[in-house]
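**Q** Provide a 3D model corresponding to the input given below.
(one chain, ligands or ions: 2)
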Amino acid sequence: MSKKVLVLPGDGIGPEIVAQAVRVLDLVNTQFNLGITHESALVGGSAYDETGSPLPEATLTKAKAADAILLGAVGGPKWDGLDMAVRPEKGLLGLRSNLELFSNLRPAILYPQLADASSLKPEIVAGLDILIVRELTGGIYFGQPRGIRTLENGERQGFNTYVYSESEIRRIGRSAFEAARQRGKRVCSIDKSNVLEVTVLWKEVMEEVAKEYPDVELTHMLVDNAAMQLVRAPKQFDVMVTGNMFGDILSDAAAMLTGSIGMLPSASLNAEGRGMYEPCHGSAPDIAGQGIANPLATILSVAMMLRYSLDAKEAANAIEAAVSRVLDQGLRTADIASQDSQTVTTQAMGDAVLAALEAVLKA
Ligand code: IPM
Ligand code: MG
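**A** Ligands and ions are numbered 1, 2, ... in the order given. The predicted structure is shown next:
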C-alpha cells in the first residue's frame, strides 16, 4: 500500500534544506521499496503571499490525508508586521492543533565528531543524548482568553492564559514514559510549581502517570533550575517532559549543547503516531537563498519520519549512519565548521549524504 508524504518547504532556508531531504527520501524509497509518494504544498509566509492565509484550506486537507508531513521552516522579517492571525507561525501552529500533534519529541544528541562545535567544554557534553518531550497543542500557546485590550484608563494590556487539563497532561506524560522505556528509563518533569497552579496540577498528574510505569524513574525540577542544569551538567538528563512554552525554550538551549541547532530533527506526533517532522531550527532568513544552510536536521527528520510514522526502521538507520559518515569525512556546513573541517554548501552536503547512503547500503 502506498504511503503519502506531504512536503511543506515553507519559508527562508526551508525550500533549500527540504530539497536535499527529499533527495534522501527518494533514494531510500527506491532502495527499500517503501512505496512512498510525495507532493508539496504551501505553508507559512509563502502561503500567505500566494493565498492570503498561512495555512490554506488545500494544505490542511492534504495534511489530514497524509501519513506523514515533512516541514522545512516558517517565518521571516518580511511578515513581521502582519496581524497575529495571519502570521506565518500561525500556519505551523494551525497544523499542530488541527492534526492534534500533541507530542513533540526533540532529541539532543552530540555527534562525537562535533564535540568542538559545542560552546561547552567537551567533557561536559561528550556522549550527550537527551530527549525533550514537549507538549505541543496546549498551554499558554493556545489558552483562551488571549489578546491585547485597552483598559478604562486608556492603557493597553496584553494577556494570555496558561491552562492545562488533566487529560492533556496525562497523554504527554505517557508519551514521555513510553519514550523513556526505550532508552534510559528516567523521566524528569519540568514545572514552575512554586508559582504557577497549572504546573502544580502538572506535577500531580505526572506522579499518577508514573504509577503506570514502575520500571521508569520520575523526578521533578523547576524550570529555572532545569535551564541552569542544562548548561551546567546536561548529561544528568535522560527524558525531560514539559509544557509547550518551557519546552520551546529548553529545547533551543539543549540544541545548542550539541554544537548546532542545524543538526537537530524533531517529530510531532498525534495519538495514532501520525506525525509532522521538522528541523528544530527556524527559517534563518539572514542566510536564506545563499545555499549555505545545514540540511542535516531536515535529513535526520526524514529518518525520524521513517522510523515513527512509516514503519521503515532500516531506512531510518541507514540515513543516520550516512550522516555520521559524512561528519567523519570532515564535511561541515558553515554553522558547524571548525578549523580543520571542509566547509561545504547545502547542495554539496546533500550530495555527500547521498553518496554515503549508497556506500552504507552496499556495505
Ligand atoms: C519551535 C518554534 C515555533 C514554536 C514557532 C516558529 C512558532 O520556535 O518549533 O520551537 O514556538 O513552537
Ligand atoms: Mg522554538
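**Q** for the residue of the chain found nearest ligand 1, give me the pLDDT.
**A** The chain approaches ligand 1 most closely through residue 89 (3.9 Å), counting by CB to the nearest ligand atom. For glycine as for every other residue, the C-beta is placed from the backbone atoms N, C-alpha and C. The pLDDT attached to residue 89 in the predicted structure is 96.
**Q** regarding the most centrally placed residue in the chain, what is its secondary structure?
**A** Closest to where the C-alpha atoms of the chain average out (CA atoms, centre = their mean) is residue 266, at 2.9 Å. On the three-state scheme (DSSP: H, G, I helix; E, B strand; the rest coil), residue 266 is labelled strand.
**Q** bridging residues for it?
**A** When bridges are taken as DSSP bridges, the partners of residue 266 come out as residue 278.
**Q** next, see if stretch 12-26 gets close to ligand 1.
**A** No - using CB under 6 Å from any ligand atom, we find that stretch 12-26 stays clear of ligand 1, coming within 10.9 Å at best.
**Q** list the buried ones in that stretch?
**A** Of the residues in stretch 12-26, those buried under the neighbour-count criterion (16 or more other CB atoms under 10 Å) are 12-25.
**Q** chain center to it: distance?
**A** Taking the mean C-alpha point of stretch 12-26 and that of its whole chain, the gap between them comes to 16 Å (CA atoms, centre = their mean, to the nearest Å).
**Q** can you get me a residue count around residue 360?
**A** 18 (other CB atoms under 10 Å).
**Q** before we move on, what about the one 3 residues further on?
**A** When counting by other CB under 10 Å, one arrives at 8 neighbours for residue 363.
**Q** can you check residue 226 too?
**A** Residue crowding around residue 226 was assessed by other CB under 10 Å; the count is 23.
**Q** assumed it was part of a helix.
**A** Yes - per three-state DSSP, residue 226 lies within a helix segment.
**Q** how near is it to residue 220?
**A** Using CB to CB, to the nearest Å, one obtains 10 Å as the distance from residue 226 to residue 220.
**Q** who touches both of the two?
**A** 188, 190 (CB atoms under 8 Å, 6 or more residues apart in numbering).
**Q** distance check, residue 156 against residue 60.
**A** Residue 156 is 33 Å from residue 60, where distance means CB to CB.
**Q** so between the two, which is more surrounded?
**A** Taking residue 156 and residue 60 together and counting by other CB under 10 Å, residue 60 has the greater number of neighbours (18 against 8).
**Q** return the host helix or strand of the more buried one as PDB; C-alpha atoms alone will do.
**A** Per DSSP states H and E: residue 60 is located in helix 57-65. Listed next in PDB are the C-alpha coordinates belonging to helix 57-65 (Å, rounded to 0.1, in the frame of the first residue of the first chain):
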ATOM      1  CA  GLU A  57      -7.500  25.000   3.200                       C
ATOM      2  CA  ALA A  58      -5.900  22.900   0.400                       C
ATOM      3  CA  THR A  59      -2.800  22.400   2.500                       C
ATOM      4  CA  LEU A  60      -4.800  21.400   5.600                       C
ATOM      5  CA  THR A  61      -6.800  18.900   3.600                       C
ATOM      6  CA  LYS A  62      -3.700  17.300   2.100                       C
ATOM      7  CA  ALA A  63      -2.100  17.300   5.600                       C
ATOM      8  CA  LYS A  64      -5.000  15.400   7.100                       C
ATOM      9  CA  ALA A  65      -4.800  12.800   4.300                       C
END
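**Q** show residues contacting that helix.
**A** Outside of helix 57-65, the residues that reach it under the criterion CB under 8 Å, 6+ apart are 4, 6, 8, 39, 41-43, 47, 69, 91, 94-95, 98-99, 276.
**Q** ok, 7 Å please
**A** 4, 6, 39, 41, 42, 43, 47, 69, 95, 98, 99 (CB atoms under 7 Å, 6 or more residues apart in numbering).
**Q** again, but for stretch 117-129
**A** 108-110, 115-116, 231, 234-235, 256-260, 336, 338.
**Q** run the last query once more with 10 Å
**A** In this structure, residues lying in contact with stretch 117-129 by CB atoms under 10 Å, 6 or more residues apart in numbering are 107-112, 114-116, 183-184, 230-235, 237-238, 254, 256-260, 262-263, 332, 335-338, 341.
**Q** same thing with stretch 31-38?
**A** By CB under 10 Å, 6+ apart, stretch 31-38 touches 1-7, 22, 25-26, 28-30, 66-70, 305-306, 310-312, 314-316, 318, 357-358, 360-361.
**Q** for the residue sitting furthest away from the middle of the chain, which three-state class applies?
**A** When each C-alpha in the chain is compared with the mean C-alpha position (CA atoms, centre = their mean), residue 153 comes out farthest, at 42.8 Å. Assigned by three-state DSSP, the conformation of residue 153 is coil.
**Q** right, I'll call it a day here.
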